[in-house]
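A.B. asks: Structure here, sequence nowhere to be found:
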Ligand SMILES: Nc1ncnc2c1ncn2[C@@H]1O[C@H](COP(=O)(O)OP(=O)(O)OP(=O)(O)O)[C@@H](O)[C@H]1O
């Protein structure tokens, strides 16, 4: 029996959504899943493209995939899986996402990954030398107890491990290399400090921030937002990936050039905090530091001057220049006569960029910023979060903003009234008191973020979304100039 009409539908050719690929040693599976557009809707409940490691080993920016575990890559992810020994991957796109992917297999000696891995081993040698020196000057806790010395004695005197600043033109893979080196170090049991000086990406925090964190545990293989992402930060609930505790400053601009003075001051403070961390934690001190930076081109004198500033502040002894022979030469000349505070030379290394690393265009970046904000408030596929909608009177929130037109002697922040223009902006909640000076508030670290949902000027009430319940109390808020409110989170 047939139902009238149904017999006229041409049978659909079955579409293959699952495939298996084999990668030879040093091969890469490069993939890009465009952000979702309103015209495209996935035809299944699949959240993204899934990948399973069937055999061999594979890693994303140094973090290994567990065998037979299903990983989901969401729209907006542009990255690669690399294998050093060869592997078989099962890729499943049941959602029909417009996945663009390809397999790239260079002989190992032609792959930039070989030089990145060699760099990692070179840094490990420096770490071992730092550990040996720390051991001589500062015996283990147990030995100290036997000798009757305090736990902190001697830590600050020993030379720290390698301090590496990674720089280069836009989109050459600086952040990917920083992630790779951090992940490889943690796989060896090290705990490097990682600092991000590029406000366009956040380090375990929203874009528009500068920050640092100790990496001693796994990173999230599925992170969609790019950079170090936001999914490894502490959340109010269980987390699938061990969380890290970033220390974050709120820059509030997209580019360093938007407020060079502020960037210098924040960089200086981050470096002070890095030094303090080194003094207090022997393992971090020995593991050293990785600094990711904003793009700088060859010939860009001001950009190079700022890199020089960062090198001096962080006392870096290695400058890794990715993807520009000319920039490497220019920085080599700049640092040729400089020494670190430990009298080490500043070694400038030039490494090739991977031809897979691409400059992210404006539209993609804007979407990634949205994704990061959404993920911060609502969580990702592994941990859904429920932000709290709160209501407060205008007088309960104390909002500061940098003066629109700075004048001679202007304060870094001035208090502003809540206005309807604030709707949908993300404001930083500072670890400070509303009675602190504007300077103290500006340079305090970030506690978290809220997003303004609605402003009712007549009733002088404001509705906002917060990741935690409870009042903001005495914490001042800063209204920055970026990221702009691209989306209505409550829509
Ligand atoms: N080998 C590769 N294959 C595929 N994609 C890659 C590869 N290396 C890096 N990418 C991707 O290229 C993009 C740019 O890389 P990354 O962010 O590391 O560069 P960057 O130099 O830090 O960029 P920016 O100058 O914008 O800070 C990212 O989406 C990254 O995941």
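C.D. replies: Here it is on my side, so go on. Keep in mind that what you see is a predicted model, and the values were worked out from it rather than measured.
A.B. asks: Tell me the secondary structure of the residue in the stretch 1-150 of the chain that the ligand sits nearest to, please.
C.D. replies: In the stretch 1-150 of the chain, the residue that lies nearest the ligand is residue 80 (3.5 Å; C-beta to the nearest ligand atom). To be clear about C-beta, it is placed using only N, CA and C from the backbone, and glycine gets the same treatment. Put simply, residue 80 is strand when judged by DSSP: H, G, I helix; E, B strand; the rest coil.
A.B. asks: That one contacts residue 31, doesn't it?
C.D. replies: Yes - shown here, residue 80 and residue 31 form a contact pair, counting by C-beta atoms under 8 Å, at 7.0 Å.
A.B. asks: Those two: which is more packed in?
C.D. replies: residue 80 (23 against 20; other C-beta atoms under 10 Å).
A.B. asks: just to revisit the earlier point, bridge partners for the residue of the stretch 1-150 of the chain closest to the ligand, pull those for me.
C.D. replies: residue 30 (DSSP bridges).
A.B. asks: Please report how far it lies from residue 73.
C.D. replies: Between residue 80 and residue 73 the computed distance is 11 Å (C-beta to C-beta, to the nearest Å).
A.B. asks: overlap in contacts of these two?
C.D. replies: When contacts are counted by C-beta atoms under 8 Å, 6 or more residues apart in numbering, residue 80 and residue 73 are jointly contacted by residue 31.
A.B. asks: Tell me which residues touch the closest residue to residue 327 other than its chain neighbours, please.
C.D. replies: In space, and not counting its chain neighbours, residue 327 is closest to residue 298: 4.1 Å by C-beta to C-beta, 6 or more residues apart in numbering. Residue 298 sits next to 169, 324, 326-327, 330 when contact means C-beta under 8 Å, 6+ apart.
A.B. asks: which of the residues you listed has the most neighbours?
C.D. replies: residue 327 (26 neighbours).
A.B. asks: Just confirm it is within a helix.
C.D. replies: Yes - Residue 327 forms part of a helix when assessed by three-state DSSP.
A.B. asks: residue contacts, it?
C.D. replies: Contacts of residue 327 (C-beta under 8 Å, 6+ apart): 167-169, 296-298, 304, 321.
A.B. asks: And residue 41, what's its pLDDT?
C.D. replies: Looking at residue 41, its pLDDT is 47.
A.B. asks: so how far is residue 171 from the residue in the stretch 201-350 of the chain positioned nearest to the ligand?
C.D. replies: At 3.9 Å from the ligand, residue 295 is the closest residue in the stretch 201-350 of the chain, using C-beta to the nearest ligand atom. Applying C-beta to C-beta, the value for residue 295 to residue 171 is 7 Å.
A.B. asks: Make a ChimeraX selection of whichever of the contacts of residue 327 turn out to be buried.
C.D. replies: The buried subset of the contacts of residue 327, as determined by 16 or more other C-beta atoms under 10 Å, is captured in ChimeraX by this line:
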select :167,168,169,296,298,304,321
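A.B. asks: Next step: the contacts of residue 327 restricted to helices.
C.D. replies: With DSSP state H as the criterion, helices contain residue 304 from among the contacts of residue 327.
A.B. asks: Just send the contacts of residue 327 back as JSON lines, with distance to residue 390 too.
C.D. replies: What follows is these, written out as JSON lines (distance: C-beta to C-beta, whole Å):
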{"residue": "167", "distance to residue 390": "42"}
{"residue": "168", "distance to residue 390": "43"}
{"residue": "169", "distance to residue 390": "44"}
{"residue": "296", "distance to residue 390": "42"}
{"residue": "297", "distance to residue 390": "45"}
{"residue": "298", "distance to residue 390": "49"}
{"residue": "304", "distance to residue 390": "46"}
{"residue": "321", "distance to residue 390": "47"}
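A.B. asks: Looking at the contacts of residue 327, which is nearest residue 26?
C.D. replies: Checking the contacts of residue 327 against residue 26 by C-beta to C-beta gives residue 168 as the nearest, at 22.0 Å.
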